[in-house]
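Novice: Sequence and predicted structure are below.
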Amino acid sequence: MAGIKELVGLSFGCAIGLTFLFLGCAVQEYGVYYPMFALFLYILSPVPLVLVNRVSDESEPANACRDLAYFLTTGIVMSAYGFHLVLAHSGTVEWVACSLALIGDTIIFFTILGFYKVFGSSEDFNWEQW
């Protein structure tokens with residue numbers, strides 16, 4: 001099972017990523033809060049993998065359900081990046097605010113990946129408790 005150091009590191013990474021997202025929204029010159037809708041995509045991104053880990057067996061080498069979950073997760077992650085780029089291209093937000101939000105996206109998605117690497121790799125971890 002993961003220790004307290006890993007948990008603190010993941011919490012710190014999430015806090016830094018959210019800080020960049022909030023800075024992209026709340027800086028006085030920019031003041032547009034549309035990039036905050038990316039929080040829904042942060043919440044949705046691990047859902048396909050959590051569902052497939054709960055219902056499928058990892059002993060099968062080729063699993064169509066797992067591949068579909070990877071595809072959906074990739075689509076959600078790319079939508080988060082594309083969402084900020086479309087907002088900047090349409091002129092709704094400034095490009096500096098977009099870059100701050102993209103940095104926040106990168107940090108948060110690496111934090112979610114780190115969660116799966118830290119907590120999902122041990123044999124004593126059971127996905128059914130999620």
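Specialist: Everything's here; your move.
Novice: Counting by contacts, list what the helix or strand of the chain with the lowest mean pLDDT packs against.
Specialist: Lowest mean confidence among the helices and strands of the chain (mean pLDDT, DSSP states H and E): helix 47-55, at a mean of 85. Applying 3 or more Cβ pairs under 8 Å, 6 or more residues apart in numbering; DSSP states H and E, we find helix 47-55 packed against helix 64-89. In this view, the C-beta of every residue, glycine as well, is placed from N, C-alpha and C.
Novice: OK, contacts around the closest residue to Thr106 other than its chain neighbours?
Specialist: In this structure, Thr106 finds its nearest non-sequential neighbour in Gly17, 7.7 Å apart by Cβ to Cβ, 6 or more residues apart in numbering. Going by Cβ atoms under 8 Å, 6 or more residues apart in numbering, Gly17 touches 103-108, 111.
Novice: Look at the residue positioned nearest the centre of the chain and give its secondary structure.
Specialist: The residue lying closest to the centre of the chain (Cα atoms, centre = their mean) is Phe109, at 3.5 Å. Look at Phe109: counting by DSSP: H, G, I helix; E, B strand; the rest coil, its state is helix.
Novice: Now do the nearest residue to it once chain neighbours are set aside against Ser45, distance only.
Specialist: Among residues not flanking Phe109 along the chain, Val77 sits closest, at 5.7 Å (Cβ to Cβ, 6+ apart). According to Cβ to Cβ, to the nearest Å, Val77 stands 6 Å off from Ser45.
Novice: overlap in contacts of those two?
Specialist: In contact with both Val77 and Ser45: Phe109, using Cβ under 8 Å, 6+ apart.
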